[in-house]
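Undergrad: Here is the input, now give the coordinates:
(2 chains)
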Amino acid sequence: IVMTQSPLSLPVTPGEPASISCRSTQSLLHTNGYNYLNWYLQKPGQSPQVLIYLGSNRASGVPDRFSGSGSGTDFTLKIRRVEAEDAGVYFCMQALQLPLTFGGGTKVEIK
Amino acid sequence: EVQLVESGGSLVQPGGSLKLSCEASGFTLSGSPIHWVRQASGKGLEWVGRIKHRANDYATAYAASMKGRFTISRDDAKNTVYLQMNSLKTEDTAVYYCTRHLIVGPMDWFDLWGQGTLVTVSS
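TA: Numbering: from 1, shown residues only, chains lettered A, B, ... in the order given. Next up, the predicted model:
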C-alpha cells in the first residue's frame, strides 16, 4: 500500500489552522469498521510520537486542537489553531497490512 | 521511566554485518510486539520489520528489501530485542528506531519509541 501526503511543506502562522492530506492506494477500512490509519509527529531532533490512531482517535495526552478524519483511501489531519510547539514533520502510516508503510511526510514550519 | 534504548549503531563497510539492540526499561518487553523503523538522513520513515511476542510464537516479518539480510530476535529474559543486519549496503545507512506496538482490541499504534541509533554503511 503506497501512502501519499500533501503538501510536502506547510508554512503556518501561529493561531491559524492547518490541514494535511494523506491518501492510500488501497482502502484502509478493515472489516471491523475501523480505518487503520495513524498519524505521527516527529519534532526536530526527536523520535516520532503518535497523534491519531484508527483515523480519528486522539492518543492520550494529545491536545484537542488536533483532529483526524477520513475513511477508505482519503484522510486528513487538521490542527485547529497551530502553536509554535507543533512544528515538525507529520507522517501518516497505514497499519492495515504488512509491510506497514508511511507517507513521505509533511513539514510544518511556523512563520 | 518507561523507555526503549537502542544501541549498537556504528560505521560498517559495505557487505559487513552489525547487530543492534533495543533494551526496554520500566516495563516488561515480553508482552509487546516490537518493530524496527529506519530513517535515512533528511528522509521519511521506513518500516524494517517486526517480532511478535511469545503468545504468537515470536513471529517475524520484514520489508521486502531487507528480507533475507535482516533478522529480528528477542531475549525476553534480558528485556531486549535485536536486529541482526548482514550484507549491508550503502542504502541501509539510517537511524534505526525500535518501537513498541500497542494493541488493545481493534486499536493499535506505536506508543513508545527509542531515541534511535545511527548505522553508517560506507567504505
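
Undergrad: Can you name the next helix or strand after the biggest strand by length in chain B?
TA: Longest strand in chain B, counting residues (DSSP state E): strand B:94-104. As assigned by DSSP states H and E, the chain's next helix or strand after strand B:94-104 is strand B:107-113.

Undergrad: Tell me who's in contact with A:Leu100.
TA: A:93-94, B:35, B:47 (C-beta atoms under 8 Å, 6 or more residues apart in numbering or on different chains). C-betas here are computed from N, CA, C, even on glycine.

Undergrad: Format the residues you listed as a markdown table; extra columns: neighbour count, distance to B:Ser10 and pLDDT.
TA: Shown next, in a markdown table, are the contacts of A:Leu100 (neighbours: other C-beta atoms under 10 Å in any protein chain shown; distance: C-beta to C-beta, whole Å; pLDDT from 0 to 100):
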| residue | neighbour count | distance to B:Ser10 | pLDDT |
| --- | --- | --- | --- |
| A:Met93 | 23 | 28 | 98 |
| A:Gln94 | 24 | 32 | 97 |
| B:His35 | 22 | 22 | 98 |
| B:Trp47 | 20 | 22 | 98 |
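
Undergrad: If I look at the residue most central in space within chain A, what pLDDT would I see?
TA: What sits nearest the mean C-alpha location of chain A, by C-alpha atoms, centre = their mean, is A:Trp39, with 3.5 Å. If you check A:Trp39, the pLDDT there is 98.

Undergrad: for the one 10 residues further on, same thing?
TA: A:Gln49 is assigned a pLDDT of 97 by the prediction.

Undergrad: Near it, how many other residues are there?
TA: The number of residues packed near A:Gln49 is 17, by other C-beta atoms under 10 Å in any protein chain shown.

Undergrad: Relative to chain B, how far out is it?
TA: Distance of A:Gln49 to chain B, given as C-beta to the nearest C-beta, to the nearest Å: 7 Å.

Undergrad: May I have the residues that are in contact with the closest residue to that residue other than its chain neighbours?
TA: Leaving aside its chain neighbours, A:Gln49 sits nearest to A:Leu41 (5.7 Å; criterion: C-beta to C-beta, 6 or more residues apart in numbering or on different chains). For A:Leu41, the contact set (C-beta under 8 Å, 6+ apart) comprises A:48-49, A:51, A:86, A:88-91.

Undergrad: Good, wrapping up.
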